[in-house]
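K.L.:
Give the three-dimensional model of this entry:
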Amino acid sequence: MEQVVVKHDFFGFNIFFPRNQDELEARFSGNRVAGFADFLASELASRPHRGSAKEAPPPARRESGEWNEALYLAIHPDVAAAVQRKEFKSGKEHYELAGRAEGRTSGVVPSDWNEEQYLKIYSDVAAAVRNGTFISGYHHYVLAGRREGREDGTPPKGWDEEAYLQVNRDVEFAISQKQFISGYHHYLVAGRSEKRLGGFRPTNWNEARYLADNPSARIRIALGDYSSGYAHYAAVGQQQRLTGGFPANGIVEEWRQDRPEISKAIFQFAEIFRLLFSATAVRDSILTIGRQSEAPAFDDLGMRVWREHDETMRQLGGLGKLFHAHLINWRWYLWLMPPRFMYCFSNDRTGMTSFDAYRFMLRQAFKDGTDARLFTPPLHASVRTLMRELGLEERYQFWLKQLVAINEEEARRAGRQPFPLWDFSDTNLVTTEAIPAPSDPRLMRWFFDISHHRQAAGDLILDRLLEHQEPGRTIPADFGVRLAGAIVDQHLARSEARRVDWVAANGPFVAQIVAAVRNPAAENRQAQATCW
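P.N.:
Numbers count the residues shown, from 1 in each chain. Have a look, this model is predicted:
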């Protein structure tokens, strides 16, 4: 490419931001995926990290905690009778004098026993405990559950909880909503019958070859999306027909394994075919033919226009209603993605950060001689205020400084000038546009919603980036600041001073934002984040 314009979105730099598989590496990518994987391998080799999440095999079940006299006597009614006859002072005395040597189950619950999970799995046991038939789920398991072949709730050797949740994202979310206690709990209740993958790795799986053949999997593992090649395969690789993980079944598979680019080409052809002949494509083709007499639905740049958008927004109550709802509804999923509800740049297990892709992009652009124009989009002052209340302002400032620093570092490395990097997210004429009242159905001049700007703002951004002066269109003097390391701190301080003025002028609305963030129901775990 000779020239590119690149928007850097703070939301997308969250290492926990979900990546839509349909927009990822294997669909129509060239050889840059392998290049990025090699770049990561080189970069991460020198960084401190915790390594694999794999823990040592769990120790044999051991007892811990306090002695439960009632439990021991309930498990062993003959001992209870002996204690009643005064033959022993207590069940504990019996266990120490005779029960241990006899191999009896003690009155101490094993440390890895999950009482809550056992009762969740078996509702009949929970009912029996409630009506007093059993003291606890563990009591039931010892007397009946083990003999009946019931799962004790403890994952067996070989179970990979992390991989199961990575492959089955819906289960991870269900756990965050307290529908299940763990992935293993889900597997026992539903996943096994649904034939869900990820929990147990097949014995004939070749992890090393899969990773060697599929650089896209190495990238996703470094990001922290998956903990292993098998988890990647179970989640997406199988759909993409990636090879290398299992032994070849016949000559054709052997040929494909020796030429992984063939599998990629087959997958891409299938994707193109699916796009060309999908129900949506066929419908749009029919509409195109049948509506030739209508005005074109594309602008002079060839972009499709959603002409009904403004009317749709009015029918929803206008932007004032939508702005207020999104900023004070306690569910800020753009910033704090479920189920973690926190924002981090780095995966401390692998050492990768969300800035690595940015650095690689700049390095390639400098190498290829591409003219890159970089920018951060406008964020309304109310959004920046919400971010500050959520505990994200420090991270936003760190993010902005890193964009500047990496741009300058890669420029020095290439012996070039840094690419122009413009910030439109500060407090300026556009980002302080008045928000209509919730009862006012009017739209806004610069914004579509809390995270998207309208074409009018986009035109000003392009004018600034491309140093263009459109007749009859004037760029506000304070809209857009070209960033450099020497001025970024001053720029942030000036923007914050202007935001404080906006807060003073919009006290009641700001008070609603603050109250929403501090509400106990607010889904914000940013204060618990240990990663950066």
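
K.L.:
How about residues contacting stretch 142-158?
P.N.:
Stretch 142-158 is contacted from outside by 57-58, 61, 75, 105, 112-114, 117-118, 121-122, 125, 134, 137, 141, 161, 184-185, 188, 200-201, using C-beta atoms under 8 Å, 6 or more residues apart in numbering. Backbone N, C-alpha and C define where each C-beta goes, glycine included.

K.L.:
What's the PyMOL line that selects buried ones from the residues you listed?
P.N.:
Buried residues among the contacts of stretch 142-158 (16 or more other C-beta atoms under 10 Å), as a PyMOL selection:
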select buried, resi 75+105+113+114+117+118+121+122+125+134+137+141+161+184+185+188+200+201
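
K.L.:
Can you point out the helix or strand that includes F375?
P.N.:
strand 371-376 (DSSP states H and E).

K.L.:
which element follows that strand toward the C-terminus?
P.N.:
Next along the chain after strand 371-376, taking DSSP H and E as the criterion, comes helix 381-390.

K.L.:
what's the angle from whatever helix or strand comes next after that following helix to helix 381-390?
P.N.:
Using DSSP H and E, the helix or strand that directly follows helix 381-390 along the chain is helix 393-414. For helix 393-414 against helix 381-390, the angle between stretch directions is 100 degrees (axes from the mean of the first three to the mean of the last three C-alpha atoms, to 10 degrees).

K.L.:
pLDDT of whatever helix or strand comes next after helix 393-414, averaged?
P.N.:
Next helix or strand after helix 393-414 toward the C-terminus (DSSP H and E): strand 421-423. Strand 421-423 shows a mean pLDDT of 97.

K.L.:
again, but for stretch 186-197
P.N.:
pLDDT averaged over stretch 186-197 gives 88.

K.L.:
list the buried ones in that stretch?
P.N.:
The neighbour-count check on stretch 186-197 (16+ other C-beta under 10 Å) flags H186, Y187, L188, G191, R196, L197 as buried.

K.L.:
now swap in stretch 350-368 and tell me
P.N.:
Residues 350-366 are the ones in stretch 350-368 that count as buried (16+ other C-beta under 10 Å).

K.L.:
what sits against F180?
P.N.:
So F180 contacts K120, V171, A174, H186, V189 (C-beta under 8 Å, 6+ apart).

K.L.:
10 Å instead?
P.N.:
Q117, K120, I121, V171, E172, A174, H186, Y187, L188, V189, A190, G191 (C-beta atoms under 10 Å, 6 or more residues apart in numbering).

K.L.:
For the second one, report the pLDDT, please.
P.N.:
Here, the pLDDT recorded for K120 equals 78.

K.L.:
Ok, the first one next?
P.N.:
Reading off the per-residue confidence, Q117 sits at a pLDDT of 77.

K.L.:
So which elements touch the strand or helix carrying it?
P.N.:
In this assignment (DSSP H and E), Q117 forms part of helix 115-121. Counting contacts by 3 or more C-beta pairs under 10 Å, 6 or more residues apart in numbering; DSSP states H and E, helix 115-121 is packed against helix 123-130, helix 137-140, helix 183-186.

K.L.:
Generate a markdown table for those helices, with distance to Q417 as supplementary columns.
P.N.:
Converted to a markdown table, those look like this (distance: least, C-beta to C-beta, whole Å):
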| stretch | distance to Q417 |
| --- | --- |
| helix 123-130 | 68 |
| helix 137-140 | 68 |
| helix 183-186 | 50 |
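
K.L.:
can you tell which of the ones you listed is closest to V404?
P.N.:
Among these, helix 183-186 comes nearest to V404, with 40.9 Å by C-beta to C-beta.

K.L.:
what's the following helix or strand after the closest one?
P.N.:
Going down the chain from helix 183-186, the next helix or strand is helix 207-213, by DSSP H and E.

K.L.:
What are the buried residues along that next one?
P.N.:
Neighbour counts over helix 207-213 (16+ other C-beta under 10 Å) mark R209, Y210, L211, D213 as buried.

K.L.:
okay, the residues you listed in JSON lines with pLDDT and distance to L403 next?
P.N.:
As requested, the buried residues of helix 207-213 are exported to JSON lines (pLDDT from 0 to 100; distance: C-beta to C-beta, whole Å):
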{"residue": "R209", "pLDDT": "90", "distance to L403": "38"}
{"residue": "Y210", "pLDDT": "90", "distance to L403": "34"}
{"residue": "L211", "pLDDT": "89", "distance to L403": "31"}
{"residue": "D213", "pLDDT": "84", "distance to L403": "34"}
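
K.L.:
and which of those is nearest A522?
P.N.:
The shortest approach to A522 among these belongs to L211, at 40.1 Å (C-beta to C-beta).

K.L.:
so what's that closest one closest to, chain neighbours aside?
P.N.:
Distance criterion C-beta to C-beta, 6 or more residues apart in numbering; nearest residue to L211, sequence neighbours excluded, is G229 at 4.7 Å.

K.L.:
my guess is that neighbour meets P215, correct?
P.N.:
No - when contacts are counted by C-beta atoms under 10 Å, G229 is not listed as touching P215 (11.2 Å).

K.L.:
These two: who's more crowded?
P.N.:
Set G229 next to P215 and count neighbours by other C-beta atoms under 10 Å: G229 wins out with 27 against 21.

K.L.:
who's in contact with that one?
P.N.:
201, 205-214, 217-218, 220-221, 237, 242, 244-245 are the contacts of G229 under C-beta under 10 Å, 6+ apart.

K.L.:
hmm, try it at 6 Å
P.N.:
Residues near G229 by C-beta atoms under 6 Å, 6 or more residues apart in numbering: E207, Y210, L211, A217.
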